[in-house]
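The amino acid sequence is not available; the structure is as follows:
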């Protein structure tokens, strides 16, 4: 059974590019979710093996969702503007930060490393 990745990203083209990259690599994808409410609902229905979260979604910041997932021992990758990665790393030491944009190879390597640490 394929590992399941929850994708929360509100930029349409980026969201579908992320999902395509994960699906082509053999992962099952939940999403993309443009808002916190739909991502939270998906998390409640089925626990993902990993979550890739854009920090700023259409209906607010995904930080509370990130913390809930981390508390449930779900590996989290915070996908954000390069200027925010240092602040996010300090606030969420158990999460992985990844600056946007990320080439597919770097994205998949980051996912692999996050899953290995879990």
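Yes, it's here. These numbers come from a predicted model, not from an experiment.

drop to CA atoms for contacts and neighbour counts, all remaining ones
Noted.

Poorly predicted segments of this structure, please.
118 (pLDDT under 70).

how does it look with 90?
1-2, 80-87, 89, 101, 117-118 (pLDDT under 90).

Sheet-wise, list the partners of the strand or helix carrying residue 51 with their directions.
Using DSSP states H and E, residue 51 sits within strand 50-54. As defined by DSSP bridges, the strand partners of strand 50-54 come to strand 4-8 (parallel), strand 76-80 (parallel).

quick one: contacts of it?
Residues outside strand 50-54 that contact it (CA atoms under 8 Å, 6 or more residues apart in numbering): 4-10, 62, 66, 69, 74-80, 111, 114-115.

Any chance of a PyMOL selection covering the buried ones in the residues you listed?
Written as a PyMOL command, the selection of buried residues from those, which uses 16 or more other CA atoms under 10 Å, is:
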select buried, resi 4+5+6+7+8+9+10+62+66+69+74+75+76+77+78+79+80+111+114
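
Please tell me how far the most centrally placed residue in the chain sits from residue 43.
Central residue of the chain (CA atoms, centre = their mean): residue 52, 0.6 Å from the mean position. Plainly put, residue 52 is 12 Å away from residue 43 if you go by CA to CA, to the nearest Å.

what's the overlap in contacts for these two?
In contact with both residue 52 and residue 43: residue 6, using CA under 8 Å, 6+ apart.

Now for the nearest residue to residue 49 once chain neighbours are set aside: which residues touch it?
Sequence neighbours aside, residue 4 is the residue nearest to residue 49 in space, at 5.2 Å (criterion: CA to CA, 6 or more residues apart in numbering). Taking CA under 8 Å, 6+ apart, we find residue 4 in contact with 27, 28, 29, 30, 48, 49, 50.

Is the last one bridged to anything, and to what?
What that stands for is residue 50. residue 5.

count of neighbours near it?
When counting by other CA atoms under 10 Å, one arrives at 24 neighbours for residue 50.

And it, how far from residue 83?
Taken as CA to CA, the span from residue 50 to residue 83 is 23 Å.

Kindly report the same for the first one.
Going from residue 27 to residue 83 by CA to CA gives 29 Å.
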